[in-house]
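# what would the 3D arrangement of this be:
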Amino acid sequence: MPFNLPNSLTWLRILLIPLFVAVFYLPDGWLPKHSINLYATAIFALAAITDWLDGWLARRLNQMSAFGAFLDPVADKLMVAAALIVLVDLQRAGIAASLIIIGREIAISALREWMAKLGRSGKVAVSMIGKVKTTVQMISILLLLYHDALLGLNTQWLGRWLLDIAAFLTLWSMLHYLHMAWKALKNEPAG
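Just a heads-up that it's a prediction; the model follows:
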């Protein structure tokens, strides 16, 4: 496991997960409600920034590693799943949309691992639809975490609407990745 700045940022993202969850479950009165929402939003935003930054630094500093390539998506999926579970528990996010997003992440991770074992990982590389899905998903989660009105916007209404769009894009991107895998494997000999 190489110790470098990109991998350290990925580990930071994983370490932020319990802190993020704990903010919502502190004993009553420890923090005002708005502060809870603000801190949780800030922690999630920091995690999202480190997600972008660790990849950029790995390429820029030529510090890419197999371990980093493995750990980065794991950290992303853990953070998103934790946020969605908390938001469902707080009744800020819909169960169906959250299950679609979490389920897709598990399914596509398994598909990518399987394709990598077959030497075909490039066939299910991140696509533009996946990037759009991730962007909409992150914005929706940030809005739902913040919860309070922002510049006159109802963040809950907008966040839920965007989460539903993210769930739709999630299904679309999953079908895209399954289609790409099917095309790559349909002529593969059995065995």
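
# please make it C-alpha for all contacts and neighbour counts, starting now.
OK.

# show me what whichever strand or helix holds Leu162 is packed against.
Here Leu162 sits within helix 155-185, counting by DSSP states H and E. On a contact count with 3 or more Cα pairs under 8 Å, 6 or more residues apart in numbering; DSSP states H and E, helix 155-185 meets helix 95-117, helix 128-146.

# ok, and what's touching the helix or strand of the chain with the lowest mean pLDDT?
Within the chain, no helix or strand scores below helix 95-117, which has a mean of 88 by mean pLDDT, DSSP states H and E. Here helix 95-117 makes contact (Cα atoms under 8 Å, 6 or more residues apart in numbering) with 77, 80-81, 84-85, 88, 121, 123-124, 163-164, 166-167, 170-171, 174, 177, 181.

# for the nearest residue to Thr155 once chain neighbours are set aside, what are its contacts?
Taking Cα to Cα, 6 or more residues apart in numbering as the measure, Thr155 lies nearest to Leu143, with 5.2 Å between them; neighbours along the chain are not counted. By Cα under 8 Å, 6+ apart, Leu143 lies in contact with 155-156, 158-159.

# export those to a markdown table and tack on distance to Leu53?
Shown next, in a markdown table, are the contacts of Leu143 (distance: Cα to Cα, whole Å):
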| residue | distance to Leu53 |
| --- | --- |
| Thr155 | 26 |
| Gln156 | 28 |
| Leu158 | 27 |
| Gly159 | 24 |
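
# re earlier: from Ala45, how far out is the residue nearest to Thr155?
According to Cα to Cα, to the nearest Å, Leu143 and Ala45 sit 11 Å apart.

# could you do Ile100 as well?
As judged by Cα to Cα, Ile100 and Ala45 stand 22 Å apart.

# ok, now Met138?
Separation of Met138 from Ala45 (Cα to Cα) stands at 9 Å.

# ditto for Thr135
According to Cα to Cα, Thr135 and Ala45 sit 12 Å apart.

# looking at the two, which one has more neighbours?
When neighbours are counted by other Cα atoms under 10 Å, Thr135 and Ala45 differ, and Ala45 comes out ahead with 16 against 13.
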